[in-house]
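When you get a sec, could you give me coordinates for this:
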Amino acid sequence: MVEPLMNTGAALARGQGVALWRQIAGTLEREIATGSLPPGARLPTEAELSTRFSVNRHTVRRAMEELEARGLVRIEQGRGSFVAEDVLDYPVGPRTRFSETIRRQNREPQGRMLRIEELPAESHIAEQLKIRRGRPVVLAERLGLADGRPVVIGSHWFSLARFPGIAAILAEDPSITAALARLGLPDYRRQATRISARMPTPEEAALLEQSRTRPVLVTEALNVDPAGEPVEVSFACYAAGRMQIVVES
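Here you go, the predicted model:
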């Protein structure tokens, strides 16, 4: 955790024709550029910055609004202000793999399984997987991280009849690609993806460590095997401030 910079560069040039809020914004921008405040770091509170620069909170707030407008910080209601991270590209194409995509951008991927449960298939899931409604399916919910920062929540549905044992395998290793390979399916491809945006639920906002007032990107996808038979139906919820979806042909 980065400690607030309370005493560095606090002196402002008063009466020199440059607005105080601009000077504060410029000071914080330099600290971000030099790495004193690295990507993802929480900035000092308005009260702390007011004390540091000997100004009122309105002046600090104007400086923060300027930095947010320029994409240098993100302000999350109820959580504070943070140095903006680089937005990762997430290509959606015939072959979409989370870990491969994150590694290509020099980040370290991680996955944490949130829930694995056997359920009767609802109509929409059953239709996509080409099974009868009510037949058993496995739901695997996973949190995907890049360099330790949560970026996506994925809900993955599999036919239990086609992939018996997938729940136990995913409980050991959250990699879906590895689990399918162990069950005799070394490769699969994306057949269709629907993309939309909405506001997150309280649970999603907490898992993604973002404000409830910041939207998320949502995808619904169907993956199939080389013969075109359904493998998996997935729903993914992306932190829009950290990921942007790129559609590939």
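
so who does the residue nearest to the spatial centre of the chain touch?
Nearest to the geometric centre of the chain sits V151, at 1.8 Å (Cα atoms, centre = their mean). Counting by Cβ atoms under 8 Å, 6 or more residues apart in numbering, V151 makes contact with 88, 144-145, 208, 238-239, 242-243. Using the backbone N, CA and C atoms, a C-beta is placed for each residue, glycine as well.

Helix or strand with the lowest mean pLDDT in the protein?
strand 73-76 (a mean of 82; mean pLDDT, DSSP states H and E).

Give me the sheet partners of it and which way each runs.
Counting by DSSP bridges, the strands paired with strand 73-76 are strand 80-83 (antiparallel).

Can you list the strands that the following helix or strand past the partner strand pairs with?
As assigned by DSSP states H and E, the chain's next helix or strand after strand 80-83 is strand 88-92. If you go by DSSP bridges, strand 88-92 pairs up with strand 243-247 (parallel).

Got the domain ranges for this structure?
The chain breaks down into these domains under automatic domain parsing: 20-83, 88-247.

Ok, which of these comes nearest R14?
domain 20-83 (7.2 Å; Cβ to Cβ).

what's the span of the closest one, first residue to last?
End-to-end distance for domain 20-83: 21 Å, by Cα to Cα, to the nearest Å.

contact partners of the helix with the most length in the chain?
As assigned by DSSP state H, the longest helix anywhere in the chain is helix 20-34. Identification of contacts with helix 20-34 by Cβ under 8 Å, 6+ apart yields 5, 8-9, 12-14, 37, 43, 49, 53, 55, 59-60, 62-64, 66-67, 72-73, 83.

Can you give me the buried ones in the helix or strand following that helix?
The helix or strand immediately downstream of helix 20-34 is helix 46-53, counting by DSSP H and E. Within helix 46-53, the residues scored as buried using 16 or more other Cβ atoms under 10 Å are 46, 49-50, 52-53.
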